[in-house]
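Chemist: sharing a model that was predicted from the sequence below.
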Amino acid sequence: MAANSAPDEHFEAADFDEEAEDEQMVSTNSGRKRLFSKELRCMMFGFGDDKNPYTETVDLLEDLVIEYIAETTHRAMEIGRTGRVQVEDIIFLVRKDQRKYARVKDLLTMNEELKKARKAFDEIKYVGTEGKSK
């Protein structure tokens, strides 16, 4: 948890919010751009952290997330067709972790529902424009 307990650290909330927006694609000392800073800050706040967590904490968390994604991707590339990641490979990797498996299944189901809804919307839109042109 980030707590501004140090007496010599006085930050304005507005200054910190502006930094968070600019930090979305700011490169770090390692030369890598921060991709998830804004989202991680929001997630941390949602899970009870300070509204403006320390930048070092967000950077560390982002490093962990990127490391996890990279490891999972490499493992998935070794499972099925070598050098290629497929949905089934990710499902295979998370099959023993009930929470991750349930979340993957929920996201895949939601993705299918969104595809169907978009297709139905496009069909209605197409039929509507076709009727007007006649």
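Modeler: Received the coordinates, thanks.
Chemist: any weak-confidence spans in this structure?
Modeler: Under the criterion pLDDT under 70, the flagged ranges of the chain are 1-31, 128-134.
Chemist: you'd agree R41 is up against P53?
Modeler: Yes - at 6.1 Å, R41 counts as touching P53 under the criterion of CB atoms under 8 Å. For every residue, glycine as well, the C-beta is placed using N, CA and C.
Chemist: of those two, who's got more company?
Modeler: Just comparing R41 and P53: by other CB atoms under 10 Å the higher neighbour count belongs to R41, 23 against 19.
Chemist: just the element for the more buried one, please.
Modeler: For R41, the element it lies in under DSSP states H and E is helix 37-46.
Chemist: please apply the same query to E56.
Modeler: Residue-wise, E56 maps onto helix 55-79 under DSSP H and E.
Chemist: report the buried residues of that helix.
Modeler: Within helix 55-79, the residues that qualify as buried are 55, 57-59, 61-62, 72, 76, counting by 16 or more other CB atoms under 10 Å.
Chemist: and if you look at stretch 100-107?
Modeler: Going by neighbour count (16+ other CB under 10 Å), the buried part of stretch 100-107 is V104.
Chemist: which outside residues touch it?
Modeler: 90-91, 94-95 (CB atoms under 8 Å, 6 or more residues apart in numbering).
Chemist: quick one: L35 is in a strand?
Modeler: No - in this structure, L35 is coil, not part of a strand, as judged by DSSP: H, G, I helix; E, B strand; the rest coil.
Chemist: now it: how far from I69?
Modeler: 10 Å (CB to CB, to the nearest Å).
Chemist: considering the contacts of stretch 100-107, which possesses the most neighbours?
Modeler: Within these, neighbour counts (other CB under 10 Å) peak at I90, which reaches 19 neighbours.
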